[in-house]
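Asks: No letters, just coordinates:
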């Protein structure tokens, strides 16, 4: 065998003797074979790298080229000096930390480091280092503002392959940029129709009726009256557990009993079977009434308990509702006449319908804007929006749907998010388009959020937090500015727009529309789910 | 008698075919990298190898001039697995001094 070939890897593959062990394992370090391509220690990737990163002010030159879908391709050229800087930093980092058998930590020579971890691995992390530092730099010097994470245009492996510690490196990335809305038609004088929520006079009557119920008083019934719905029975209660055969068991804890209790005889007022059991009793009667406590009873020890109440009716009373007149208005409220009370209720409830009408018009305007706007939405933006909405939906479920953390957690999966995103995509695109159009109009019209208005909103939000510091004041402020702008733009649009209010469909029509929508949904499931 | 006692440590003759098997691997540690500055290289070699064998082997394998060889047997290391006590593989340590114009590349480019 040729002696010179001994130390080259080529020889290693062709020889069988101990010489091959020598070359194939590389140099043995501290008695153990050094793994040529071992993974770099984790510590090398984090820790104080951040501080060093700030010290590295990388100078890069970039070339921009627009790509479809509101993306931008960027080619980044890094000079040889900067590359060498990064490479040396990676090696030095490793030198500082690598625990290689036979060496004290921090005292390992560079050559040994390269041999131990393998040149490829070191190169790869040097490339990572270069990318990490230059991409930020490049993005900040872009002519347009980028959103989301930049992606490498080619494979990392290719960059690693052409990496040399002491020569220039160039690579391409692509990044989503904030899209520019393009209004295809005049945004002034939009013709929209919105559904009008008509004020329903019957809800005023309902409110008055409720007030009457609250103000009801009772008078003693005639002597021969029997207990019936609408009356009030006065008597005492003694509770017992109910045995299987229906006989009395042990007495219930005294919380469920009482002397001279007023029992309003209305269906569903108390435990199941209680009011029904009392019906037909007369003053002075004693009767055992079987009941069952509801499963969601306020007292845990009574939930779902079957019991018997010994009810002694001592008297029966009639419930009398006060007449609806000025006297009632005066006694129940601060208004002098019934008409004043009615007007007040109507005004208070009317605010809601006004708000609803306003919102409907705004919604219609936005939809119309989205129609006349052309914009290429980048994937990142849609994804971000979908994620936010998904998170909101989940927290809604938690608060409104009374679901436990485990249930919510089980619902948050990649699959469920993807399904949601697919279904919500259409809506998200619509609202994003409208938002971008509004921003564009604000630009065109020179509308700006007044600092005073923003401050006012901010102080309101701060007051809501009750002295707790805001998590992220800058982003909250951004949002507030956005809202103020949006309101102004919408107000402007509303002034110029031709709005026709259509009456809200009656219930029968609504049902028909829903049926039609369902039929549509069957054809296009994505759209239907989007509404949800 | 003495010869018989140490027979297992003695190689009878220099056989160029055996020379490749004689040198096991270079020992690279903190200490030995310091030795490199004095053109001294440290190898694990067959326990039976003599200084003469080692010199011949290094000169043959690396095509260099050896000016000195120092050897020692590092202490054997005991390892026990359960209740069985055994020894780790044992090699002789050889510190080879090269002529000043020669060198060995211990870190081939990977």
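Replies: Perfect, I can see it now. Fair warning: this is a prediction, and the values are worked out from it, not measured in the lab.
Asks: For the helix or strand containing residue A:319, what does the pLDDT average out to?
Replies: Using DSSP states H and E, residue A:319 sits in strand A:306-320. Taken as a whole, strand A:306-320 carries a mean pLDDT of 78.
Asks: Okay, buried residues for it please.
Replies: Of the residues in strand A:306-320, A:307-313, A:315-317, A:319 count as buried by neighbour count, 16 or more other CB atoms under 10 Å in any protein chain shown. Bear in mind the C-beta positions are built from the backbone N, C-alpha and C, glycine included.
Asks: again with stretch A:349-366
Replies: Within stretch A:349-366, the residues scored as buried using 16+ other CB under 10 Å are A:357, A:360-362, A:364-366.
Asks: Would you confirm that residue B:51 contacts residue B:66?
Replies: No: assessed by CB atoms under 8 Å, residue B:51 is found out of contact with residue B:66, at 9.6 Å.
Asks: So the two - more neighbours on which side?
Replies: Under the criterion of other CB atoms under 10 Å in any protein chain shown, the comparison of residue B:51 against residue B:66 puts residue B:66 first, with 19 against 15.
Asks: so what's residue A:277 closest to, chain neighbours aside?
Replies: Nearest non-adjacent residue to residue A:277, counting by CB to CB, 6 or more residues apart in numbering or on different chains: residue A:289, 3.2 Å away.
Asks: I meant residue A:60, not that one.
Replies: residue A:134 (4.8 Å).
Asks: for residue B:70, same thing?
Replies: Residue B:70 sits nearest to residue B:95 (CB to CB, 6+ apart), 4.5 Å away.
Asks: residues near that neighbour, how many?
Replies: Using other CB under 10 Å, residue B:95 has 18 other residues around it.
Asks: Kindly report the same for residue A:62.
Replies: Neighbours of residue A:62 under the rule other CB under 10 Å: 17.
Asks: I'd assumed residue A:140 was in contact with it.
Replies: No: because the distance of 10.4 Å does not satisfy CB under 8 Å, residue A:62 is recorded as not touching residue A:140.
Asks: For chain B, what's its nearest residue on chain A.
Replies: With CB to the nearest CB as the measure, residue A:102 is the residue of chain A nearest to chain B, at 3.3 Å.
Asks: is it true that that residue touches residue B:30?
Replies: Yes: judged on CB under 8 Å, residue A:102 makes contact with residue B:30 at a distance of 6.2 Å.
Asks: Between these two, tell me which one has more neighbours.
Replies: residue A:102 (19 against 15).
Asks: The residue of chain B found nearest chain A: neighbour count?
Replies: When scored by CB to the nearest CB, chain B has residue B:29 as its residue closest to chain A, at 3.3 Å. Residue B:29: 18 surrounding residues under other CB under 10 Å.
Asks: pLDDT score assigned to it?
Replies: 92.
Asks: coming back round to it: surely the residue of chain A closest to chain B is in a helix?
Replies: No: assessed by DSSP: H, G, I helix; E, B strand; the rest coil, residue A:102 does not belong to a helix; its assignment is coil.
Asks: Pull the distance from the helix or strand residue A:495 falls within to the chain's centre.
Replies: Taking DSSP H and E as the criterion, residue A:495 maps to helix A:473-496. Chain-centre distance of helix A:473-496: 21 Å, with CA atoms, centre = their mean, to the nearest Å.
Asks: What of stretch A:137-155?
Replies: Its chain's C-alpha centre and that of stretch A:137-155 lie 27 Å apart, by CA atoms, centre = their mean.
Asks: So what touches it?
Replies: A:58, A:60, A:62, A:64, A:72-74, A:76, A:131, A:135, A:159, A:171-178, A:378, A:380-381, A:383-384 (CB atoms under 8 Å, 6 or more residues apart in numbering or on different chains).
Asks: Kindly give a single ChimeraX line that selects the buried subset of these.
Replies: Applied in ChimeraX, the following selects the buried portion of these according to 16+ other CB under 10 Å:
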select /A:58,60,62,72,74,76,131,135,159,171,173,174,175,176,177,378,380,381,383,384
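Asks: Out of the contacts of stretch A:137-155, which sit inside strands?
Replies: A:60, A:62, A:64, A:72-74, A:76, A:171-177 (DSSP state E).
Asks: biggest separation within those, which pair?
Replies: Within the ones in strands among the contacts of stretch A:137-155, A:60 and A:176 form the most distant pair, 19.9 Å apart (CB to CB).
Asks: any low-confidence regions in the chain?
Replies: I'll assume chain A. Filtered on pLDDT under 70, chain A yields the residue ranges A:1-58, A:189, A:197-200, A:223, A:253-258, A:267-269, A:297-298, A:402, A:466-471, A:503-532.
Asks: meant chain B actually
Replies: B:1, B:3, B:6-15, B:109-110.
Asks: Out of the buried residues of stretch A:349-366, which is nearest to residue B:85?
Replies: Of these, the one sitting nearest to residue B:85 (CB to CB) turns out to be residue A:366, at 82.4 Å.
Asks: give me every residue that touches residue A:243.
Replies: The contact partners of residue A:243, taken as CB under 8 Å, 6+ apart, are residue A:249.
Asks: Summarise which helices and strands the helix holding residue A:495 is packed against.
Replies: Using 3 or more CB pairs under 8 Å, 6 or more residues apart in numbering or on different chains; DSSP states H and E, the elements in contact with helix A:473-496 are helix A:338-372, helix A:414-445, helix A:451-464.
Asks: Pull out the buried residues from that helix.
Replies: Neighbour-count burial for helix A:473-496 flags A:476-477, A:480-481, A:484-486, A:488-490, A:492-493 (criterion: 16+ other CB under 10 Å).
Asks: Residue A:114 is in what secondary structure piece?
Replies: helix A:110-117.
Asks: Name the residues of that helix that are buried.
Replies: Of all the residues in helix A:110-117, those buried under the rule 16+ other CB under 10 Å are A:112-117.
Asks: Surely residue B:96 is in a helix?
Replies: No: with three-state DSSP as the criterion, residue B:96 is located in strand rather than a helix.
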